[in-house]
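S.K.: I'll drop the sequence and a predicted model, then ask my questions.
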Amino acid sequence: MNRRFSIITLFVMIFLMMIAELKAKTLYVVTRSTKTYRIGQLENPVVGLFSTEDRGVTWRHYGWPYTKCFSASMMNDDIYLSCGNGVLKSNDSGDSWIISTGWKMTECLKTAIDVTDPDIVYSATAYGIFRTADGGETWKEKNAGLASTFTPAVIIDRSDSRRLFCATESGIHRSENRADTWEPVALLGKGIRTIVQHPEEGDLLAVGTEDDGVFISTDHGRTWIQMNNGLTTKTVYAVAFASQNADVIYTGTFRGGIFKSSDGGKHWKAVNTDLKNLDIHALLVDPDNIDIVYAGTLNDGVWMSTNAGASWKFIGLETSQVWDMLFH
Amino acid sequence: MMKKMIISVIMLAMATGTILGDTGYQARKDAVLKWAETQEKGNFLIAGAMILSGRSVARGIEIFEEQLKRPDNSPRGMFVIHELMAGYYAAGDTMPDSLRIKIRDYVASANFYRGDTENHLTMYYTGLYLMSQAFPDLSASETYTGKTPAENMAEAIDWLHDWMRLTTTIGQGEFDSPTYMTVFLSPMFTLYQWAEDPLVKKQAYLMLHWLIADYGAEHLYGVYGGAHSREYPERIIQPRHKHSNMTSWGWLFFGQIDPVMHTTLLTAAWSDFDIPEVLYNIGTDREEPYVHTETKRVRHVIRLGDERNPKVYKYTYMTKDFVLGSMMGGAVLQPIQQHVWDVSFMTESPYMTIFTVHPYVDEPDLAMFFPEEMKFTIDEVARAHTYYGSEDKWSSSSPYEETFQHENAIIVLYNIPEDDKFGHINGFFPRDMKSRDVDESGWIFCHAGQTYIAYFPLKPYKWIEEDECYRLRSHDRINGCVVEVAAESDYGSFKEFKSQIRSNNIVHDTFDESLTVSYTTSAGNVMTFTHGGVRRLNGDVIDFSSYGFFSGPFLNAELNTGQLEIIHKNKGIMLDMSTLNKADVLPVYICNKIDAEIKMNGKLDDPAWEKAEKVSLVDAITGEKGRYDTSIRVLHNGEFLYVGFECEDEYIWGTVTERNGPVYDEECVEVFLNPADAPHQYYEINLSPKNVVYDACVLNHRTLEKPFEKFEALFGLDLKRLKTAVHVDGKTDVRGKGKRWTAEYAIPFDALYGASNIPPQPGDVWRVNFYRIDSPQEGQREHYAWSPTDRAAFHLPWRFGFLKFSE
């Protein structure tokens, strides 16, 4: 009886782990618009937040059919969606939504949730950084020290939630006090499009720039080195680390497609086989399988590689402008 | 009680611009409503109009139902929420409850996208405001925002106030757009008509004045003249385009042209807003040519610029035949749809304009205004605006294009870098002009409508024949033109015009090196202009700060004041938005100066009075016309302020004979003067039909917030050298035997205290009011005022109008 129970228990546990595993692999995609969109057109395709749990076979859409979305952040059941109407929030995994912000927050581009206190969220917008400490009930502008208030991205340091990095139109900025003040760190005058931190190796960060390719920091953002060897297109909208191997990095460029480095950015090589659109705005490496990589294109939906970038296939959201992707 | 009083104050303020003559506005509004009834298809506005009329109710309901079934996955959300709520309110009580519930459910869950431009947000927040007002019982969980109606309303009004504040202090970002002005006007009409909060209603009322005035000063027979922040190419080449919204509004406000219907006109057509006489006049009076300048601003620069809203300087020359207008350029002031200069002339053809443009395409300049990735933005913009990347486009915002205009002449210069994508300029010359003569002198002489246009190309060019025009294309990167425009009536013939222009001196020998061109106009003015440098008129450098916020014969305002003076022929109104919660519209009177003393006999028959504009007094409480005609005139000669009253009356009487006796208890006229702009003290000088004077200095604690505070009249001033005279036409003290009485004051400036200048200098402004008390029966008193006060009381200094001493 006990043995039988143990076997059943084991199977149940394995089943639950499989479900958990599947759940962990849910891919979320944020689309800003589609190439068939026309203002005034009677029927437009639905855009916004989508998810797939089966690598693009089926898709689920969440919330608003149109609100010009740029990105999403998630923690537990909370979702923050950065949109034209402000930051939309769901606290039930996307079943219902509110606009957490007022009129002063517009053209919201990216959010970051503090894992140590999920009520603290930062929003990077076209008008600077805003912070909420009450889960989106109230937001305060936090631009002190920013050389440019156009901030496409903000991230929270995994090792110290008081420290933030943000991408601005004029360089990388860092805050040591939860965005109360900012100081420029590097690349002043350069338009920074994205900033990412390696999921495991916290000292490793990378940025993509408008015209200057990729810069990588291996010392926790203190110094940044331009690493463009082989990167034939210097407009970089997306950078993705492989959590399993700090040497594996992908970049998504405008007009040049995807580049891969297997040596921490020292050398890059275009990996665009079968990819029909070379305007890349989002990239993700599957944390459970380093060979599986997702690419979000501008106007041609989501693509996937199952061979570490050697070739790509379209998996869904045809004609969509993919602005952001994440696993949750 | 207080709320009622505030409402009445507001309604009174709204009456200040009362129509005194028939402008045909009501008839045109009626025509719009009738037109809407006949439409087979339509939007929420049409549906609302059909139900409102009572004649097409069923069809109106059908349209509502059809529209509510439309998917809401549209970036037009801001249009929909505004039109839906406007139509909903217009339909009123006739709307069946079942439809009302459907609308309630729809607006609660529809996920309206609010957009990213000022016009988008004006529509969106107007719609959200009215949605919150219409359905106050929705819970937060029932609204698509997740906020209660009260919270939504607060957010909406906060945004609308911010937009009003910006617009009335530094201008609109999407300024003077023939296409987009409509989506500021129509939400303001909607808000004015349907907002229940009297303060919001009043603010919308003032914004309507502001917007219509802004348009009216550059309006010519349905054409929005001058330079524009945003306009579509097909409408730039056809300034009176059938789909140009402001042509529709021009017809509605000012008449003059054939009707051009547009659904957004419905928001005005069902409104009880009447266009004030002064606005109608500034939109239609082109008797004298005039220069009108404006300082506007760029829409929000979100990156790649140091300033959020750099200034834009506009210059427009208006005549009865043509408009020549420009903005100074030299920067990308607006992305995509900027229109820097043109001359528009009145012809039957829709292609009634000449202008040049450099087709400019650039990523960073788009990125200044859009948050998307800058290289991608070009593709995205070109998808919505297919002309954007074209070398032939007619709307463009080139940083290499600069202008210098003086009255009817303009120099346009280009300095296009070698690495710029397009190294040419395009000129639009309509095909169907009477003449387009290329002269041996180099000038191109055009004759269209009643207008002569002379165009001197500074570089070689070729003509390209197209459907609508002859395109002048010139491929030099250092390029430009000189243009002078005149009315037929200015010359005996086209030949004479040509002859004059040929004789005008153009110096451009060193243009390639110095980037400088000099032109002596037919009027003898020497315009010298260096691209990237200064503009000189007769040697003096042009200072843009002299442009003011608005400057011209009709509109005057300084930046950051929130006040706009609107004048036509020495009378008009002041819009005061300096404190939004006290927003007000008050009358303005221009006090002309005369050289001599007026011979006073009470009859106002001195010829000098003809130099004063006669202005009617209205019922002080309602703002409507009073029982008897009453008017005032004001002049000064540097020594005396002259005030004349004319009072129609059938029973002219008075028993007070002692100076400073209580004439205000019987019949009198009253002059309240505040030379110091100190609201708590002013002079009161009353005069009875028996020429008995009461004069006092008044100390008054009343304010808008505390309108019943006490005040003290220190009477018996016996102002030195004050002169008065009265004449009675008919008999006094006999009921029914009077006709009218007239009164004259000569108030010596040197007897008054508090003014900055004695005598007043040109441009000085005093706060004043003029009143009359009439007592047709014993115990019955009727109160007249120049600036009505809302109640039978005159000591309300915040309601005083503006007496401006003329230049």
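M.R.: Thanks, I have the structure now.

S.K.: which residue does the stretch 251-400 of chain B bring closest to chain A?
M.R.: residue B:303 (3.6 Å; Cβ to the nearest Cβ). Placement of C-beta: from N, CA and C, glycine included.

S.K.: what helix or strand does that residue sit in?
M.R.: For residue B:303, there is no enclosing helix or strand under DSSP states H and E.

S.K.: The closest residue to it other than its chain neighbours - how many residues pack around it?
M.R.: Closest residue to residue B:303 in three dimensions, ignoring its sequence neighbours and counting by Cβ to Cβ, 6 or more residues apart in numbering or on different chains: residue A:150, at 3.6 Å. For residue A:150, the tally of surrounding residues (other Cβ atoms under 10 Å in any protein chain shown) stands at 26.

S.K.: List, one by one, the residues from chain B near chain A.
M.R.: For chain B, the residues in contact with chain A (Cβ under 8 Å from any Cβ of the partner chain) are B:70-77, B:111, B:113-116, B:121, B:125, B:140-141, B:144-147, B:155, B:158-159, B:162, B:302-304, B:371-376, B:380, B:383-384.

S.K.: isn't the residue nearest to residue B:303 right up against residue B:305?
M.R.: No - using Cβ atoms under 8 Å, residue A:150 makes no contact with residue B:305, being 9.9 Å away.

S.K.: Return, as residue ranges, the portions of chain A with sub-threshold pLDDT.
M.R.: By pLDDT under 70, the weakly predicted segments of chain A are A:1-24, A:39-42.

S.K.: Likewise for chain B?
M.R.: B:1-21, B:71-73.

S.K.: For it, which residue gets nearest to chain A?
M.R.: At 2.3 Å from chain A, residue B:146 is the closest residue in chain B, using Cβ to the nearest Cβ.

S.K.: quick one: contacts for that residue?
M.R.: A:89, A:96, A:97, A:98, A:99, A:100, B:140 (Cβ atoms under 8 Å, 6 or more residues apart in numbering or on different chains).

S.K.: Give me the neighbour count for the fifth one.
M.R.: Yep, that's residue A:99 we're talking about. With other Cβ under 10 Å as criterion, residue A:99 counts 26.

S.K.: Let me know how buried residue 185 is, in neighbour terms.
M.R.: Just going to use chain A. 17.

S.K.: actually it's chain B I care about, not the one you picked
M.R.: Neighbours of residue B:185 using other Cβ under 10 Å come to 25.

S.K.: Does anything pack onto the helix or strand hosting it? Which helices or strands?
M.R.: Residue B:185 is part of helix B:182-194 when elements are defined by DSSP H and E. Helix B:182-194 sits against helix B:77-91, helix B:118-134, helix B:198-216, helix B:245-254, helix B:266-269, with contacts defined as 3 or more Cβ pairs under 8 Å, 6 or more residues apart in numbering or on different chains; DSSP states H and E.

S.K.: ok and the second one relative to helix B:77-91, angle-wise?
M.R.: Here helix B:118-134 runs at 40 degrees with respect to helix B:77-91, directions being taken by axes from the mean of the first three to the mean of the last three Cα atoms, to 10 degrees.

S.K.: Helix B:182-194 and helix B:118-134, what's the angle between them?
M.R.: Using the same axes, to 10 degrees: helix B:118-134 against helix B:182-194 is 20 degrees.

S.K.: Please put the alpha-carbon coordinates of whichever helix or strand comes after helix B:118-134 into PDB.
M.R.: Counting by DSSP H and E, the next helix or strand C-terminal to helix B:118-134 is helix B:149-169. The C-alpha trace of helix B:149-169 is given here as PDB (Å, rounded to 0.1, in the frame of the first residue of the first chain):
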ATOM      1  CA  PRO B 149     -16.000  57.700 -12.500                       C
ATOM      2  CA  ALA B 150     -14.900  60.400 -10.100                       C
ATOM      3  CA  GLU B 151     -11.300  59.400 -10.500                       C
ATOM      4  CA  ASN B 152     -11.600  59.300 -14.300                       C
ATOM      5  CA  MET B 153     -13.300  62.700 -14.300                       C
ATOM      6  CA  ALA B 154     -10.600  64.200 -12.100                       C
ATOM      7  CA  GLU B 155      -7.900  62.800 -14.400                       C
ATOM      8  CA  ALA B 156      -9.700  64.100 -17.400                       C
ATOM      9  CA  ILE B 157     -10.200  67.600 -16.200                       C
ATOM     10  CA  ASP B 158      -6.600  67.600 -15.000                       C
ATOM     11  CA  TRP B 159      -5.400  66.900 -18.500                       C
ATOM     12  CA  LEU B 160      -7.800  69.300 -20.100                       C
ATOM     13  CA  HIS B 161      -6.700  72.000 -17.700                       C
ATOM     14  CA  ASP B 162      -3.100  71.300 -18.500                       C
ATOM     15  CA  TRP B 163      -3.800  71.600 -22.200                       C
ATOM     16  CA  MET B 164      -5.800  74.800 -21.700                       C
ATOM     17  CA  ARG B 165      -2.900  76.200 -19.700                       C
ATOM     18  CA  LEU B 166      -0.400  75.400 -22.400                       C
ATOM     19  CA  THR B 167      -2.600  76.700 -25.200                       C
ATOM     20  CA  THR B 168      -3.300  80.000 -23.500                       C
ATOM     21  CA  THR B 169       0.300  80.600 -22.300                       C
END
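
S.K.: How far away from the center of its chain is helix B:149-169?
M.R.: Centroid separation for helix B:149-169 versus its chain: 21 Å, with Cα atoms, centre = their mean, to the nearest Å.

S.K.: again with stretch A:128-144
M.R.: Distance, centroid of stretch A:128-144 to centroid of chain: 20 Å (Cα atoms, centre = their mean).

S.K.: Can you classify residue A:203 as helix, strand or coil?
M.R.: Judged by DSSP: H, G, I helix; E, B strand; the rest coil, the three-state class of residue A:203 is coil.

S.K.: Look at residue B:292 and tell me its secondary structure.
M.R.: strand.

S.K.: Need the nearest residue in space to it, chain neighbours excluded.
M.R.: Leaving aside its chain neighbours, residue B:292 sits nearest to residue B:552 (3.6 Å; criterion: Cβ to Cβ, 6+ apart).

S.K.: before we move on, what about residue A:35?
M.R.: Spatial nearest neighbour of residue A:35, excluding adjacent residues (Cβ to Cβ, 6+ apart): residue A:299 at 4.0 Å.

S.K.: List the contacts of the one you found.
M.R.: Counted by Cβ under 8 Å, 6+ apart, residue A:299 has contacts A:34, A:35, A:277, A:279, A:319, A:320, A:321.

S.K.: where does the last one land in three-state SS?
M.R.: Same thing as residue A:321. Following three-state DSSP, we place residue A:321 in the strand state.

S.K.: Quick check: bridge partners of it?
M.R.: Beta bridges link residue A:321 to residue A:298, judged by DSSP bridges.

S.K.: what about residue B:321, how many residues close to it?
M.R.: Under the neighbour criterion other Cβ under 10 Å, residue B:321 is assigned a count of 23.
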